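Novice: my questions concern the predicted model and sequence given below.
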Amino acid sequence: MAFLADRLSRIKPSPTVAVSAKAAELKRAGRDVIGLGAGEPDFDTPEHIKQAAYDALAKGRTKYAPPAGLVELREAICRKLKRDNGLDYDVSQISVGVGGKQTIFNALLATLNPGDEVIVPAPYWVSYTDIALLAEGVPVTIATSEANGFKLSPDELAKAITPKTKWLILNSPSNPTGEGYSKADLKALADVLMRPENAHVHVMTDDMYEFLVYDGFEFATIAQVEPGLMGRTLTLNGVSKAYCMTGWRLGYAAGDKKLIAAMNMLNSQSTTSPATFVQWAGVAALDGDHSFIARNNEVFKERRDLVVSMLNQATGITCRKPTGAFYVYPSIAGLIGKKTPDGKVIETDDDFVTYLLESEGVAVVQGSAFGLSPYFRISYATRTEDLEEACNRIQRAAASLR
């Protein structure tokens, strides 16, 4: 009798985490490696947020918190959703998790029965499909078009919906492409979902990169664009990216009271809640000074422009300029079929990223991990000097293929 559960055979370790771990391992072994796999800002957490955590510790705020999250934090989340998104929620509609990933895990575990379908536009964040599989659901991935900005079209959505569809997952701006859905894009998708025959489909919108937008792009979330979907939408967000708090592990979800109650029940039987002092830091993040976000975005935009320009100068590589997040998703279609200096054929994006790491010491994530090839993802949330050097190495690696 096998000791490990059969459900584990449905999933695999996170590829993005694996790339970062491999880069760190090579660095420890003395290799000159530039890691561009991790999706986390290189900026430190702002001082006023850290101070809130210090103050909470000093005041003895170290006891258990409710499974739903501190009332004070949930109130701050309600204020944020009203202020920034025009969405009215009360604290009974908020669930706080140990990072955004846990809120997704809880939502899918609480709602999916075996065979229920989850529509996931590709390329997608690597955990969406595996969490659905672990919850015994069926991910239905839809390959989007680069010509359409890697965004799901209304026709593609309509064709993918079946009587078994329970969720559509949207992520804007997107990890891995950095592309965002405009209000018009979201309204067109909402119109499909508002058809009577599609009333059984719910929307999970991952807004984690909401504030990381450039070139005048205006963020919107689907329940804001179509209030008729409010009761069928789970709005996900957190403090990891814009607030430079990845390691603090604090995410949240807002939605229907019954769903939120179910998610909070799962919290009560798993993590209970994030660390209490971390939740007080979350209050400070949501309610406090946000001026640092604009300053950080200026740096991100400069890095984006640098990376896009240098990648488009590389032989066989083309790269769109995204509207948000801190990723680019360049195509290597022009390199497929070429040979490395030692005669190996580049047949896939997996082959290319392996070659890039071995030959030039640049760690990126293959497009196959995100469900759409032949591409790779770069996170430009790292030092500008390292990005420039990495792009020089990518240019050199691409030029050496024949």
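Specialist: Yep, that arrived.
Novice: how deep is residue 35 tucked in, by neighbour count?
Specialist: Look at residue 35: counted by other CB atoms under 10 Å, it has 22 neighbours. Glycine gets a C-beta too; all of them are placed from N, C-alpha and C.
Novice: what ranges do the strands span in this structure?
Specialist: 34-35, 94-97, 117-122, 138-143, 165-171, 202-206, 233-238, 251-254, 327-328, 362-363, 365-366, 376-379 (DSSP state E).
Novice: which pLDDT value goes with the residue nearest to the spatial centre of the chain?
Specialist: Note on the chain: the residue nearest the mean C-alpha position is residue 175, at 4.5 Å, using CA atoms, centre = their mean. Note on residue 175: pLDDT of 98.
Novice: quick one, what contacts it?
Specialist: 39, 125, 208, 209, 325, 327 (CB atoms under 8 Å, 6 or more residues apart in numbering).
Novice: farthest-separated two in those residues?
Specialist: Using CB to CB, the contacts of residue 175 reach their maximum pairwise distance at 208 and 327, which is 12.1 Å.
Novice: higher neighbour count, those two?
Specialist: residue 327 (27 against 24).
Novice: ok, the more buried one touching residue 40?
Specialist: No: counting by CB atoms under 8 Å, residue 327 does not reach residue 40; the two are 11.6 Å apart.
Novice: what number of residues lie near the closest residue to residue 267 other than its chain neighbours?
Specialist: Distances taken as CB to CB, 6 or more residues apart in numbering put residue 67 closest to residue 267, at 3.9 Å, once the chain neighbours are dropped. Counted with other CB under 10 Å, residues neighbouring residue 67 total 19.
Novice: quick one: contacts for residue 67?
Specialist: Taking CB under 8 Å, 6+ apart, we find residue 67 in contact with 264, 265, 267, 268, 272, 273.
Novice: surely the last one is in contact with residue 282?
Specialist: No: the criterion here is CB under 8 Å, and residue 273 misses it with residue 282 at 11.3 Å.
Novice: looking at the two, which is more packed in?
Specialist: Between residue 273 and residue 282, residue 282 has the larger neighbour count (other CB under 10 Å), namely 29 against 22.
Novice: which residues does that one contact?
Specialist: Applying CB under 8 Å, 6+ apart, one finds that residue 282 lies in contact with 73, 76, 96, 239, 245, 248, 250, 274.
Novice: closest to residue 401 out of the contacts of residue 67?
Specialist: If you rank these by distance to residue 401 using CB to CB, residue 267 comes first, at 49.6 Å.
Novice: that's all I had, so thanks and see you.
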